[in-house]
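K.L.:
My questions are about this predicted structure, shown below with the sequence.
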Amino acid sequence: MDKSLDDISCIAKRSNKPFCIVLVDSCQELSKEYSSYLHNDYKYLLNKSIYNFVNIRSLENEWYLKWLCPVSIPLTCVFSSNGKLIDLIPGAAKETFLYTQLALENRKITEYHWPNRFNISKTEVVSLLDSTLLHKNLLKQGVYIKSELQKISNSLHYPYTEYLQLMGELKENDTLQAQYVAKKMLKFESSYNLDLYKQEFVTAKRVIDPNFDIENEPTIEINKNLVYLYDCEVSKSVSFDIPIFNKGNKPLEIFAIHTSCSCLEQLNYMTKDKLFINRHDSIVLKFSFTANSSEEIYRDVFINSNAINIPIFHITVIANSKK
């Protein structure tokens, strides 16, 4: 559990066994099911390889998410005994374990689909991510192979390879090239990327502007992330407000407001254009909820913005409804 990749790699080399790094979420039921299945129905896999469960909620494991950008968790990363990434296998279904067995036995990528954010084939992605990991480890040793890392970056198109290049340029004390790479990296700035690569983007901004102050960045504040609606009636709409404050010194841009169900609607900002909140200003979002059953109902609101503190703000709506 939560051994470092270096530690597991050393154990694998000594025992000449492949190994699996399984990304799990300690608060997710499916991750718990994965562990249960592995230790019961698919226990035989433990004899074929070394397993290391990695909790993605732990700070020291964040880099796995930045490297792989997984769409879903659990995710099984299958490695050869010498640390080469063989396959990426999602989920906790029967097929997950059967294809993991195939990857371990044949030491090659399987046809099991891995949904990814890179818009290229799984075979290409796995190879490129393996190369990215290699260059990450080389940078730790002080080795920066600029041309090869640039080729990977041109194919994957995501912030992590740009950040590795930035670290390489800074190691070589090439300020102009570092600023160039930092500007390229900031083109990937979005709610999702800012949420995942916050510190990396801050580093890039400081390379471009040595006087950059995170305290001046837009900051979203909402009084509560839980909204309770009592005594709702089925098929009858109930309205409620959510005030949003920008405590930062730059305009807050709201890119999108998503709800988890059509029964929950945002009413007063229905435009596709970005919504701006000036520094030290606020707006009120108005919502309408219509219960479709007589029970306790949970719904979600996601507010995507350029806020440096919480780029994707999650609000849970809990409604008690009756007929």
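P.N.:
Noted; the coordinates are in hand. Residues are numbered from 1 along each chain as shown.
K.L.:
Quick check: pLDDT value at M270.
P.N.:
The per-residue pLDDT reported for M270 equals 65.
K.L.:
Mind jotting down where the helices sit in the stretch 1-150 of the chain?
P.N.:
Secondary structure of the stretch 1-150 of the chain, counting by DSSP state H, counting those that start in this stretch: helices at 5-15, 29-39, 45-48, 62-68, 94-106, 122-140, 146-156.
K.L.:
Can you list the low-confidence ranges for the stretch 101-250 of the chain?
P.N.:
Low-confidence segments of the stretch 101-250 of the chain, defined by pLDDT under 70, are absent; every residue clears the threshold.
K.L.:
Which residue ranges of it form strands?
P.N.:
Shown for the stretch 101-250 of the chain, the strands assigned by DSSP state E, counting those that start in this stretch span residues 220-221, 226-233, 237-246.
K.L.:
what about the helices of the stretch 1-150 of the chain, which gets the closest to Q199?
P.N.:
In terms of CB to CB, the element of the helices of the stretch 1-150 of the chain nearest to Q199 is helix 62-68, at 9.1 Å. The way it works is simple: take the backbone N, C-alpha and C, and place the C-beta from them, glycine included.
K.L.:
tell me what the closest one is packed against?
P.N.:
Other elements packing on helix 62-68 under the criterion 3 or more CB pairs under 8 Å, 6 or more residues apart in numbering; DSSP states H and E are strand 19-24, helix 122-140, helix 159-171.
K.L.:
Can you lay out the strands of the stretch 101-250 of the chain as JSON lines showing mean neighbour count and distance to N61?
P.N.:
Formatted as JSON lines, the entries for the strands of the stretch 101-250 of the chain read as follows, by neighbours: other CB atoms under 10 Å; distance: least, CB to CB, whole Å:
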{"stretch": "strand 220-221", "mean neighbour count": "19", "distance to N61": "26"}
{"stretch": "strand 226-233", "mean neighbour count": "13", "distance to N61": "27"}
{"stretch": "strand 237-246", "mean neighbour count": "16", "distance to N61": "31"}
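K.L.:
check contacts around the nearest residue to N306 once chain neighbours are set aside.
P.N.:
The shortest distance from N306 to any residue that is not its chain neighbour, by CB to CB, 6 or more residues apart in numbering, is 4.6 Å, and that residue is E253. Each residue near E253 by CB atoms under 8 Å, 6 or more residues apart in numbering is listed here: P218, K274, L275, F276, S305, N306.
K.L.:
Does the closest residue to the third one other than its chain neighbours belong to a helix, a strand or coil?
P.N.:
Translated: L275. Once its chain neighbours are removed from consideration, L275 has its nearest residue in I254; the separation is 4.1 Å (CB to CB, 6+ apart). Per DSSP: H, G, I helix; E, B strand; the rest coil, the secondary structure class of I254 is strand.
K.L.:
For I254, list each beta-bridge partner.
P.N.:
Beta-bridge partners recorded for I254 (DSSP bridges): L275, S305.
K.L.:
Neighbours of it, how many?
P.N.:
Residues within reach of I254, counting by other CB atoms under 10 Å, total 23.
K.L.:
Now do the same for it: its pLDDT.
P.N.:
At I254 the predicted local distance difference test score is 93.
K.L.:
before we move on, the earlier item: quick one: the helices and strands packed on helix 62-68 as CSV, columns for mean neighbour count and distance to N249 too.
P.N.:
Conversion of the helices and strands packed on helix 62-68 to CSV gives the following (neighbours: other CB under 10 Å; distance: least, CB to CB, whole Å):
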stretch, mean neighbour count, distance to N249
strand 19-24, 23, 37
helix 122-140, 17, 34
helix 159-171, 22, 25
